[in-house]
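Colleague: With the input below, show me the fold.
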Amino acid sequence: MTQPTPANPLLDFSDLPLFDRIRPEHVAPAVDVLMADADKALETVTKPDFPADWTAISRELDVATERFGRAWGAVSHLNGVADTPELRAAYNEALPRVTEFWTRLGADERLYAKYKAIDTSTLNAEQRQAHTNAMRNFVLSGAELQGEARERFAKIQERQAEASQKFSENSLDATDAFAYYAGEAELDGVPEDVKAAARAAAQADGHDGYKLTLKMPSYLPVMQFARSSALREKLYRAYATRASDQAEGDAIRFDNTALVREILALRKEEAQLLGYRNFGEVSVVAKMADSPEQVITFLRDLGHRAKPFAEKDLADMRAFAAEHLGLTDPQPWDWPYIGEKLKEARYAFSEQEVKRYFTAPKVLAGLFKIVETLFEVSIRRDSAPVWNPGVEFYRIERPGVGGAPVLVGQFYLDPSARTGKRGGAWMDDVRARWLRPDNGHLQTPVAHLVCNFAEGVDGKPALLTHDDVTTLFHEFGHGLHHMLTQVNERDVSGISGVEWDAVELPSQFMENFCWEWSVLRHMTAHVDTGEPLPRELFDKMLAAKNFQSGLQTVRQIEFSLFDMLLHTSHDPSEDFMPLLRAVRNEVAVIQPPVWSRTAHTFGHIFSGGYAAGYYSYKWAEVLSADAYAAFEETSGNDGAPSIETGRKYRQAILEAGGSRPAMESFKAFRGREPQLDALLRHQGMA
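Modeller: Predicted structure coming up:
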């Protein structure tokens with residue numbers, strides 16, 4: 001008797017994704033079905049007799065494409081957090097077809113004509129904003145191109161998707177491929193919890209000693225604390241040459257040089273097909289900034305203000321290294337170590353001392369407490385199928401009529417670094433809030449929050465650095481933007497439709513709370529004693545808050561300016577390294593070695609959606625610092641943030657989502673346009 005074939009979990013939309021059941025063999029059949037459904041819907045709504053009506057089109061086409069997007073989103077997510085050779089193969093096999101569909105949909109002149117024919121006076125404010133965005137996106141997607149230009153545009157989209165995916169894979173594989181098994185003596189100075197994790201990793205591989213990798217929880221503490229300059233150099237060289245022509249030995253096979261040049265050439269060609277001079281001009285069309293020139297002026301102005309502070313930071317380190325560490329000619333791999341030692345000497349504390357107080361469960365409880373207090377919601381554990389045992393799932397509720405809890409949104413939290421998981425931290429959406437046109441039900445938003453923290457060792461909870469805590473708050477800020485929205489139109493609810501250079505406002509805004517004693521004291525407990533963070537230690541941290549902020553600022557400006565110039569004035573047929581060196585000569589104060597290849601793993605701009613948009617972090621930091629200043633102006637005597645200000649911020653910024661221009665939302669909260677002063681003051685550069 002034959003067994004019935006189990007249903008494809010990617011075709012189950014009854015609730016949350018069935019992450020525990022999705023297998024590589026499910027990908028192609030699901031894409032077949034969902035693409036066919038979406039194609040059928042597209043043919044239906046573009047027939048001459050189908051009404052040019054927003055809701056009618058949405059009921060037919062948006063429902064089909066949303067299902068397709070959700071299923072492919074689940075596959076893409078697993079590709080980022082649980083990569084296997086089989087899943088990668090299935091993903092890459094489907095990627096050209098998926099890209100081709102979305103390119104074709106975005107450029108469909110029949111659909112464009114149907115949208116043009118919609119009577120916008122019949123739409124509500126949210127729908128009007130979504131319609132405005134859609135009309136702009138049709139043009140940027142090539143809907144007005146004809147003949148050969150149209151065909152070439154589609155080919156460019158397909159090849160860009162493939163090249164970006166390969167860039168990402170090379171970066172991940174180059175990072176995962178490196179391992180160095182160090183001896184006890186080499187790790188002098190490295191914190192005990194980092195050594196314990198390295199020892200456990202070596203044992204798991206059947207090796208003696210300590211396994212060091214290029215994943216941040218391993219790499220960064222070695223660079224900051226290892227007394228061996230030779231060990232720091234070994235890791236630095238491997239890290240700075242990942243996925244490049246300078247990689248050593250077999251790792252050269254992950255070289256991204258040719259992919260970078262190809263991606264840049266494709267973007268320039270795409271821009272010119274659309275009638276723009278360069279990709280930078282295309283990028284800013286959907287952003288707050290008016291032009292690439294405005295962005296470049298903004299970056300150079302900020303760089304000019306920050307550089308004297310960066311030069312002072314560097315001079316301090318040089319003097320300290322010569323006097324106290326015997327380093328008269330510091331090398332690039334020495335600076336993180338010198339910086340950490342100088343901070344310890346100047347402020348009498350170390351990151352490792354602080355880290356003992358930030359246990360992951362306590363930090364999470366503290367984060368939830370500030371969010372619950374400020375935004376008048378409650379967060380509690382929930383259950384859902386997950387892709388890894390370390391993933392947690394939560395729900396956010398607010399009191400409804402009569403006090404009964406109403407579901408606002410849900411999120412997955414995947415905190416730990418592991419093999420097969422992309423580095424960095426990010427938020428992405430599982431589904432958006434949407435008053436569904438097919439059944440009239442209100443769909444609540446769901447988000448992924450992904451980090452790469454060290455795991456706990458020897459039965460103790462994971463310990464977070466203060467930087468880790470800030471990263472967690474940052475990603476949660478994105479999550480709140482997505483989950484607390486009160487917009488019912490899918491394409492402008494939450495983060496959808498928000499200008500890319502404003503999308504970092506809520507994330508960077510949340511980082512500020514990591515420096516408030518009224519918040520921090522509730523989220524610390526020493527890993528051994530359970531004692532909260534002493535006020536004296538917090539005061540030292542606060543004094544050190546802007547330690548080397550000049551260096552950090554010019555580093556961000558270096559990345560941002562390189563990105564924008566790469567997509568405006570650079571000729572893609574030429575080597576991009578001279579441009580990077582020129583930018584460094586203009587803004588940086590620490591020059592890396594000639595063999596350093598940071599651009600080769602610059603995933604934000606080559607595989608992460610920030611192309612000609614990396615400046616968004618600094619642009620939005622102006623917005624977030626000014627927004628946070630409103631809380632500083634209204635906080636209580638104990639420093640606790642004002643709930644009334646929190647409510648105003650929630651309603652003006654978070655709940656509005658992309659339903660209106662970001663500047664309108666900012667002015668609704670602040671009563672005026674943003675000013676640069678708060679950012680310079682927050683970073684000690686006023």
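Colleague: Hmm, residue 266 and residue 160 touching each other?
Modeller: Yes. Applying CB atoms under 8 Å, one finds residue 160 in contact with residue 266, separated by 5.0 Å. In short, each C-beta sits where N, CA and C put it, glycine included.
Colleague: May I see the buried residues of the longest helix seen in the chain?
Modeller: As assigned by DSSP state H, the longest helix anywhere in the chain is helix 147-177. Buried residues in helix 147-177, counted by 16 or more other CB atoms under 10 Å: 150, 153-154, 156-158, 160-177.
Colleague: Same question for stretch 633-649.
Modeller: By neighbour count on 16+ other CB under 10 Å, the buried set for stretch 633-649 is 640-642, 645-646, 648-649.
Colleague: What is the nearest of these to residue 273?
Modeller: residue 649 (41.3 Å; CB to CB).
Colleague: Next one: the closest one from residue 634, what distance?
Modeller: Distance of residue 649 to residue 634, computed by CB to CB, to the nearest Å: 11 Å.
Colleague: next one: residue 344
Modeller: Distance, residue 344 to residue 634, by CB to CB: 36 Å.
Colleague: Any idea how far apart the tips of stretch 383-392 sit?
Modeller: Stretch 383-392 has its terminal residues 8 Å apart, counting by CA to CA, to the nearest Å.
Colleague: coming back round to it: farthest-separated two in the buried residues of stretch 633-649?
Modeller: So, the buried residues of stretch 633-649 by CB to CB: farthest apart are 640 and 648, at 16.1 Å.
Colleague: So which residue is dead centre in the protein?
Modeller: residue 426 (3.7 Å; CA atoms, centre = their mean).
Colleague: which one is that one nearest to, not counting chain neighbours?
Modeller: Nearest residue to residue 426, sequence neighbours excluded (CB to CB, 6 or more residues apart in numbering): residue 450, at 5.3 Å.
Colleague: Hmm, residue 324 is touching residue 341, no?
Modeller: Yes. Residue 324 lies in contact with residue 341 (CB under 8 Å); the separation is 7.2 Å.
Colleague: ok, then the element right after the longest helix of the chain?
Modeller: strand 180-182 (DSSP states H and E).
Colleague: so what strands line up beside that following strand?
Modeller: With DSSP bridges as the test, strand 180-182 is paired with strand 210-212 (antiparallel).
Colleague: Check the average confidence over the strand it pairs with, would you?
Modeller: Over the span of strand 210-212, the pLDDT mean works out to 98.
Colleague: Around residue 598, how many other residues sit close by?
Modeller: Look at residue 598: counted by other CB atoms under 10 Å, it has 17 neighbours.
Colleague: For it, give its distance to residue 344.
Modeller: From residue 598 to residue 344 the distance is 27 Å (CB to CB).
Colleague: same for the longest strand along the chain, what does it pack against?
Modeller: The longest strand of the chain (DSSP state E) is strand 405-416. If contacts are counted by 3 or more CB pairs under 8 Å, 6 or more residues apart in numbering; DSSP states H and E, strand 405-416 sits against strand 392-399, strand 446-453, helix 466-483.
Colleague: Quick one: distance of the last one to the chain centre.
Modeller: Right, the one you point to is helix 466-483. 10 Å (CA atoms, centre = their mean, to the nearest Å).
Colleague: That one vs strand 446-453, what angle?
Modeller: Orientation check (axes from the mean of the first three to the mean of the last three CA atoms, to 10 degrees): helix 466-483 against strand 446-453 gives 170 degrees.
Colleague: I'd like the next helix or strand past helix 466-483.
Modeller: That would be, after helix 466-483 and using DSSP H and E, helix 505-511.
Colleague: residues contacting the nearest residue to residue 502 once chain neighbours are set aside?
Modeller: Nearest non-adjacent residue to residue 502, counting by CB to CB, 6+ apart: residue 662, 3.4 Å away. By CB atoms under 8 Å, 6 or more residues apart in numbering, the contact list for residue 662 reads 288, 498-499, 502, 505, 623.
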